[in-house]
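Novice: Sequence and predicted structure are below.
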There are 2 protein chains.
Amino acid sequence: MTMLAARTRKETTHERILKTAVRLFQEKGVDGVGVDEIMRESGLTHGGFYAHFENKEALVEEACIRAVDDKFDELTDFIEALDDDDAFNKYARRFLKGDPRTDSPTCPMAMLGPEVARRESVQKVYARRIRKLISQTAAETGEGRAQAILMLSALVGATVLAAQTNSDAALAREIMLSVRDELVAR
Amino acid sequence: MTMLAARTRKETTHERILKTAVRLFQEKGVDGVGVDEIMRESGLTHGGFYAHFENKEALVEEACIRAVDDKFDELTDFIEALDDDDAFNKYARRFLKGDPRTDSPTCPMAMLGPEVARRESVQKVYARRIRKLISQTAAETGEGRAQAILMLSALVGATVLAAQTNSDAALAREIMLSVRDELVAR
DNA sequence: CGCGGGAAATGACGATCGTCATATTGCCGT
DNA sequence: ACGGCAATATGACGATCGTCATTTCCCGCG
């Protein structure tokens, strides 16, 4: 069980670094945080990094993909637990919900958008996830595919707009609420 | 007229640097491009930069604001020239249109969103511009304010989603077209 | 209980980048 | 044409950052 235990230990640390990166990249941007800060925030020192990732770019790609997978799983788990008429309202509410602690947006499509757009290999994964989100939303709401795309676009756009108007709290809040209510009212 | 001429010349260069920065920041990200590259692309050398801006951060803030002002002016000029029933269709089409050369998105709300979100002083300007865009859209479409917010959110969100699914050209295109058509059909 | 090996820590190197002091250029009025 | 001054160029310094070679630590095994 040596090898297995070792692999488990290594994977635990790998996971810890990755989770830190997912958070910090969304907060400060990919170039706004260095390897040493990521390792320090993971309770490690900078040198050990290269035992877990080939280089920083590999971590960036893995973190972008992990972020969107987490969001997708969160929404899927959530929506499957719903079966009432108000499901989409709650879905939208969940989508727009920020980090419970910081209340900052946790939607990678919004916070990592430009970074994803500059990395073709990451784009391919995002395209698959977004395709799944579209069909899931269409199925869940009973609307057509185009309407589902509109809904997702509005949710992502509202997150982006609210994040960049955060110093005008009333406006940021109005954007979130208006989009949610208009989408539910359809 | 010495002073005036001098100021004109200096302002011309300032403007050239700023325009380069607006483009490069959207393409490569704020931290993805250095002062020297901005100056080189402006036909200058790196050292002269500090005669025009206090530091790089000052340029970043000015460029973010210029980007959103340009977009706002573009849309305002465009919408004022319209008076037919199809106005909003064209409005949405214009909003979603990329750079004629590169076909990449030119919406600063989408491409600079996270950078704006990290700078409170820039956020304040964005909040004002977005407020104006909302009332303008509401007035132009004859819809309510909440509906205008939904429309703008959807346009921004579609730009973000299309940019990050660009390697799946069919999907990116479908997102753009679906949002436009759904918004027009309302 | 010590030993081996994988994981993490240390420390350093090279490149990049923001910044600025200084030198040079080129445009203006006299 | 020339002199002065603003605008730009040159070159360098310090800090930060990604990377990696080397050393140290810690865990599970014999």
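Specialist: Yep, it's here.
Novice: what residues are up against the nearest residue to residue A:155 once chain neighbours are set aside?
Specialist: Distances taken as Cβ to Cβ, 6 or more residues apart in numbering or on different chains put residue A:95 closest to residue A:155, at 4.8 Å, once the chain neighbours are dropped. C-beta: built from backbone N, CA, C; applies to glycine. Neighbouring residues of residue A:95 by Cβ atoms under 8 Å, 6 or more residues apart in numbering or on different chains: A:75, A:107, A:155, A:159.
Novice: again, but for residue A:108
Specialist: Per Cβ under 8 Å, 6+ apart, neighbours of residue A:108: A:26, A:64, A:67-68, A:70-71, A:116.
Novice: on that earlier part again, out of the contacts of residue A:95, which is nearest to chain B?
Specialist: The shortest approach to chain B among those belongs to residue A:155, at 6.8 Å (Cβ to the nearest Cβ).
Novice: Give the buried residues for the helix or strand hosting that closest one.
Specialist: In this assignment (DSSP states H and E), residue A:155 forms part of helix A:145-164. By 16 or more other Cβ atoms under 10 Å in any protein chain shown, the buried positions in helix A:145-164 come out as A:146-164.
Novice: Also stretch A:126-138?
Specialist: Buried residues in stretch A:126-138, counted by 16+ other Cβ under 10 Å: A:126-127, A:129-130, A:133-134, A:136-138.
Novice: Just confirm yes or no for that stretch near chain B.
Specialist: Yes. Stretch A:126-138 is in contact with chain B by Cβ under 8 Å from any Cβ of the partner chain, via A:126-127, A:130-131.
Novice: Show me just the buried residues among the contacts of residue A:108.
Specialist: By neighbour count, with 16+ other Cβ under 10 Å, those hold A:26, A:64, A:67-68, A:71, A:116 as buried.
Novice: Now, those that are in helices?
Specialist: Among the buried ones among the contacts of residue A:108, the members found in helices (DSSP state H) are A:26, A:64, A:67-68, A:71, A:116.
Novice: Chain B: which of the residues you listed is nearest?
Specialist: Out of those, the member with the shortest distance to chain B (by Cβ to the nearest Cβ) is residue A:116, at 4.1 Å.
Novice: Contacts only, for the closest one.
Specialist: So residue A:116 contacts A:64, A:108-109, A:122-123, A:126, B:163-164 (Cβ under 8 Å, 6+ apart).
Novice: please redo it, this time with the cut-off set to 7 Å
Specialist: Taking Cβ atoms under 7 Å, 6 or more residues apart in numbering or on different chains, we find residue A:116 in contact with A:64, A:122-123, A:126, B:164.
Novice: Which single residue in chain A comes nearest to DNA strand C?
Specialist: Using Cβ to the nearest atom of the strand, the closest approach of chain A to DNA strand C is made by residue A:47 at 1.8 Å.
Novice: secondary structure class for that residue?
Specialist: With DSSP: H, G, I helix; E, B strand; the rest coil as the basis, the three-state label of residue A:47 is helix.
Novice: Share the number of residues neighbouring it, please.
Specialist: Look at residue A:47: counted by other Cβ atoms under 10 Å in any protein chain shown, it has 10 neighbours.
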